[in-house]
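In: Below are the sequence and a predicted model; questions follow.
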Amino acid sequence: MTTEAEKKSSGAADALKARASQAYSRQTREMQEEKWIIDHLPLVRHIVNKLTSQLMCKVELDDLISAGTLGLVKAARAYDQSMEAEFKTYAYIRVSGAVIDEIRRRSFVPSAVHNQIQNIQWVYRKFAAENGRPPGDEELAEAVGVPLDQLYKTFEAARRQHFLSIHGMSDEQAVLGPLAPLDEGVNPADQVEQSEMLERLTSAIQELPERDRVILLLYYERDLTMKETAKVLGVTESRVSQLHAAAIFKLSMKLKGTE
């Protein structure tokens, strides 16, 4: 028969084992988090370089890298290994969000640019309605009454505006957000909505001219930077930036039901 003293001694031993197990689990988790952070530090710089290639304003890269690194640390601490998404996918979304939040604090779209974009959108719709097809870049520039280079500059400003809206930074509808990896951490309803939007995007991209399709797929699906995309296509980085901005503009118009 077990005495009261033996019961107390057994209970104390069990409690000690539980505390030791918890301490070991915490230590193991901390080691895993440290490994995730160290292994994915290059991902932070990649995301910063990719996002800043779309910006028209100067932003200190060190500030963005610091923000992204903090996002990576938070991702490592919050990541649940029971989630279906691997850590790299989870971290990509969290780091991108942290960098974008920092960019949002430092950038804005001038109202004059917004007005120019609205005018180009109106001309684009008018041309498509009258001709039964969307205008080419040269045709659109002529219809708007600006040189082609100026049109591309405005497209780049438009891309910046859409870039902000992609991540919920403005009231405009997100255009390319669903091209990011699906976040398995969100609820099923949101996953379904994101999957449906991805299908729409895929269909819309397939309807674009071949040059635009290639640029978008290299940049988003292959995850290349502007510089890397330029090397693949054998053109300058500035030229790729122009064509990429124009492709996004046309894609956004298609998704808004202009065509």
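Out: Now that the structure is in, tell me what you want to look at.
In: Pass me the low-pLDDT residue ranges in this structure, would you?
Out: 1-26, 54-59, 83-84, 106-111, 161-198, 257-259 (pLDDT under 70).
In: This protein - how does it break down into domains?
Out: 4-106, 111-255 (automatic domain parsing).
In: Measure how buried residue 126 is and give me the count.
Out: Neighbour count for residue 126, taken as other Cβ atoms under 10 Å: 12. In short, each C-beta sits where N, CA and C put it, glycine included.
In: From residue 144, how far off is it?
Out: According to Cβ to Cβ, to the nearest Å, residue 126 stands 10 Å off from residue 144.
In: swap in residue 82?
Out: 53 Å.
In: More neighbours: those two, which one.
Out: residue 144 (19 against 5).
In: you'd agree that one is up against residue 118?
Out: No: Residue 144 is beyond contact range of residue 118, at 11.6 Å (criterion: Cβ atoms under 8 Å).
In: Give me the buried positions along stretch 116-136.
Out: Neighbour-count burial for stretch 116-136 flags 116-117, 120-121, 123-125, 127-128, 134-135 (criterion: 16 or more other Cβ atoms under 10 Å).
In: what's the answer for stretch 77-89, then?
Out: Residues of stretch 77-89 classed as buried: 79, 85, 87, 89 (neighbour count, 16+ other Cβ under 10 Å).
In: would you turn these into CSV with distance to residue 27 and secondary structure?
Out: Listed next are the buried residues of stretch 77-89 as CSV, based on distance: Cβ to Cβ, whole Å; DSSP: H, G, I helix; E, B strand; the rest coil:
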residue, distance to residue 27, secondary structure
79, 17, coil
85, 25, coil
87, 19, helix
89, 26, helix
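In: What is the nearest of the residues you listed to residue 248?
Out: The nearest member of these to residue 248, counting by Cβ to Cβ, is residue 89 at 23.2 Å.
In: Against residue 79, how distant is the closest one?
Out: Note on residue 89: its distance to residue 79, by Cβ to Cβ, is 10 Å.
In: One more: residue 98?
Out: Distance from residue 98 to residue 79, by Cβ to Cβ: 14 Å.
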